[in-house]
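**Q** okay, structure incoming, though there's no sequence with it:
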């Protein structure tokens, strides 16, 4: 390829790269917020219906000191409220507060039910353990969204 062709390819690539990264910058937070909201709403809504949520057994066995028949609907409402807040995009401080208050409870099985979380500590995770560890991504997403609540870049 000639130097002229190289410059054309680089310029062509850079133009598309700028278009794509500008689109990501414009819509990334919106998609993150709504996507996170859908996850919370969906997972919470499943908990309203006994036997439908794959996490129900984990919650029942972790929160054994509270009547799970009372606790599960409260957790379901809490999670769906977080989901609605994220999807709606209003009252983000309150929504994110609810999210961050809920997250430590999701890690409780690591302490209370380690045999359910690990196949081989500290690296081998069960499916339940993977379900819990993925919450690190949800926390990260919440932090990214939280960083926008004071600025003009709320999407």
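**A** That came in fine, so what should we check first? All of these numbers come straight from a predicted model, not from anything done at the bench.
**Q** wait, residue 83 sits on residue 44?
**A** Yes: the criterion here is CB atoms under 8 Å, and residue 83 meets it with residue 44 at 5.9 Å. Placement of C-beta: from N, CA and C, glycine included.
**Q** which residues sit against stretch 38-57?
**A** The contact list for stretch 38-57, computed with CB atoms under 8 Å, 6 or more residues apart in numbering, reads 59, 72-73, 75-84, 86-87, 99, 131, 138.
**Q** what do you get for stretch 79-94?
**A** Contacts for stretch 79-94 (CB under 8 Å, 6+ apart): 33-34, 36-45, 47-48, 95, 98-99, 102, 145-146, 148-149, 154.
**Q** check stretch 111-128 too.
**A** With CB under 8 Å, 6+ apart, stretch 111-128 has contacts from 58, 61, 62, 64, 109, 110, 129, 132, 133.
**Q** show me the contacts for the residue nearest the centre of the chain.
**A** With distances taken as CA atoms, centre = their mean, residue 138 lies nearest the centre of the chain, 2.9 Å away. By CB under 8 Å, 6+ apart, the contact set of residue 138 is 36, 39, 99, 103.
**Q** which parts of the chain are helices?
**A** All helices of the chain, identified by DSSP state H, fall at 3-46, 56-62, 68-88, 92-112, 114-117, 127-133, 135-146.
**Q** any idea how far the fourth one is from the chain center?
**A** For helix 92-112, the gap between its own C-alpha mean and the chain's C-alpha mean amounts to 11 Å (CA atoms, centre = their mean, to the nearest Å).
**Q** mind checking the pLDDT average for it?
**A** With pLDDT averaged residue by residue, helix 92-112 scores 96.
**Q** buried residues, that helix. List them.
**A** Residues 92, 95, 96, 98, 99, 102, 106, 107, 109 are the ones in helix 92-112 that count as buried (16 or more other CB atoms under 10 Å).
**Q** hang on, the earlier thing: apply the buried test to the contacts of stretch 111-128 and list what passes.
**A** Buried, going by 16+ other CB under 10 Å: 58, 62, 109, 129, 132, out of these.
**Q** tell me, how many residues neighbour residue 131?
**A** Residue 131 has 17 neighbouring residues, counting by other CB atoms under 10 Å.
**Q** please read the previous query as pertaining to residue 127.
**A** Quick note: residue 127 (other CB under 10 Å) scores 11 neighbours.
**Q** which residues touch residue 109?
**A** 58, 61, 62, 116, 117, 128, 132.
**Q** just give the nearest non-adjacent residue to it, would you?
**A** residue 62 (4.8 Å; CB to CB, 6 or more residues apart in numbering).
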